Every structure is written in structure tokens, then in C-alpha cells.
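*Asks:* coordinates for the following, if possible.
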Amino acid sequence: QVQLVESGGGLAQPGGSLTLSCAASGFTFNNYAMRWFRQAPGKERELVAAISSVGDSTKYADSVKGRFTISRDNAKRTVYLQMNSLKPEDTAVYYCNAVRRTVEYWGQGTQVTVSS
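*Replies:* A predicted model of the protein is given here:
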């Protein structure tokens, strides 16, 4: 059974930090690229960050470059999203995604709220 379980969301103040984790099971984790998406109320889901299967390549949305860092630990079957200098516009549900060719898996999402 494939599972992607996100954790680490919550409430942060503007300028603060949060680290999201996504624990994977049920598939060969190190064969899949991993991505973080987010969806704010009334908006479409957007790609935030991506990392290759072996972790040697990353990419970021322009809105988070220099503030967010994606990483993975294949031994722990976990992908992370370190979020610094958070802004109110980062408020959204964050989703973990695994992708390999045409196969994709999704987590259930974790809420991140940035507010004073």
C-alpha cells in the first residue's frame, strides 16, 4: 500500500521557519523524483519545489527561491521542505508528491498558516 504522510505543518509568524517532512512507504522511494506542491484557498495547486530521485538536482518556484530548501534522505525514505523567511502568502495546504514517468502518488496534505 502506497503512503505519503506529511507532517510539520502548523502556524508560523511572518519571518519564521517551518520544516515539512514526508515519509514514504509502499513503493521504491529512490526511483522517484519528489515534489512539494501547495494550494491556497481559491487558487490552483502550484509546484513549490522538486528534487531528483538521487537528490542531485533541485528546482524551485520563483516565489520561494532563496527561502525554501528541498532535500531527501533515501535511507529514511523521507523528503523535507525547509521553509525560512515565511510570508503570509505562503499560507496553503502543502502536498507531497512522488513521480516516475506517468506514475504519481500524493499525500493528504498538511496545513501551513503564516500569520501574526
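
*Asks:* residue contacts, Trp100?
*Replies:* Actually, residue 100 is Arg. It isn't Trp. Asn31, Tyr32, Ala33, Ser53 (CB atoms under 8 Å, 6 or more residues apart in numbering). The way it works is simple: take the backbone N, C-alpha and C, and place the C-beta from them, glycine included.

*Asks:* next one: Gln108
*Replies:* With CB under 8 Å, 6+ apart, Gln108 has these contacts: Leu4, Val5, Glu6, Tyr95.

*Asks:* which stretches of the protein form strands?
*Replies:* With strands called from DSSP state E, the chain shows them at 3-7, 10-12, 18-25, 33-39, 46-51, 58-60, 68-73, 78-83, 92-100, 103-106, 110-114.

*Asks:* could you dump the ones you listed to a markdown table with mean pLDDT?
*Replies:* Shown next, in a markdown table, are these (pLDDT from 0 to 100):
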| stretch | mean pLDDT |
| --- | --- |
| strand 3-7 | 97 |
| strand 10-12 | 97 |
| strand 18-25 | 98 |
| strand 33-39 | 98 |
| strand 46-51 | 98 |
| strand 58-60 | 98 |
| strand 68-73 | 98 |
| strand 78-83 | 98 |
| strand 92-100 | 98 |
| strand 103-106 | 98 |
| strand 110-114 | 98 |
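
*Asks:* model confidence at Ser115, what's the number?
*Replies:* Note for Ser115: predicted pLDDT of 97.
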